[in-house]
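Participant: Return atomic coordinates for the entry below.
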Amino acid sequence: MKTVVRLAGLADLDLLAHVAGEPFDDPLDLAATRRFLSDPNHMLVIALRGEAIVGFISSVIYVHPDKPASECWINEVGVSAAARREGIASRMLAATLDHARVLGCGEAWVLTERSNPAAMRLYASLGGEEGPPDIAMFSYDLRGPSSHNAQQSGD
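Facilitator: Numbering: from 1, shown residues only. As a prediction, this is how the structure comes out:
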């Protein structure tokens, strides 16, 4: 069966509501999916086989007050195990980059672990340039109480 790669929109909510897991990490939250798709700075490119979603790329368009062009941050790439090694991720990445260009982005970027050879090959295969090895990423778990005592001015 042919795999179709395209940008998802609000009209796809019913289709997305029936995704139970793969290629996503977890079942989709319909309210969060609606918010995501309603925001013009969010993109969800999907790969479909019939009515089954076998792949996706989520990304966010950043508009900077000090840069002449927006940037596209590619947040996550997922392909169902049964559909891997068929070029689906490459097709979705190409569609994501093409749409980012249409939206006026001057650059796109993605983070991955160097220990993920499939992702490293994917991003390099479409001309991505690996950043310097000394870049560090920090993440913050915001689900609990604040981990520091910030003081406001005037206290």
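Participant: now this structure, which segments are flagged as low pLDDT?
Facilitator: Counting by pLDDT under 70, the chain contains low-confidence ranges at 20, 147-155.
Participant: Write down the beta-bridge partners of the residue most central in space within the chain, one by one.
Facilitator: Nearest to the mean C-alpha position of the chain, counting by C-alpha atoms, centre = their mean, stands residue 58 at 2.5 Å. Counting by DSSP bridges, residue 58 forms beta bridges with residue 44, residue 76.
Participant: Other residues contacting stretch 39-49?
Facilitator: Here stretch 39-49 makes contact (C-beta atoms under 8 Å, 6 or more residues apart in numbering) with 1-8, 12, 15, 36-37, 53-63, 72, 79, 83, 88, 91-92, 95-96, 99-100. (Each C-beta comes from the backbone N, C-alpha and C, glycine too.)
Participant: on that earlier part again, wouldn't the residue nearest to the centre of the chain be in contact with residue 92 here?
Facilitator: No - with contact defined as C-beta atoms under 8 Å, residue 58 does not reach residue 92; the gap is 10.4 Å.
Participant: If we go by neighbour counts, what in the helix or strand harbouring residue 90 is buried?
Facilitator: Secondary-structure assignment from DSSP states H and E places residue 90 in helix 88-102. Residues 88, 89, 91, 92, 93, 95, 96, 97, 99, 100 are the ones in helix 88-102 that count as buried (16 or more other C-beta atoms under 10 Å).
Participant: do you know how far the nearest residue to residue 4 once chain neighbours are set aside is from residue 30?
Facilitator: Nearest residue to residue 4 in three dimensions, chain neighbours excluded: residue 48, at 4.8 Å (C-beta to C-beta, 6 or more residues apart in numbering). Distance, residue 48 to residue 30, using C-beta to C-beta, to the nearest Å: 18 Å.
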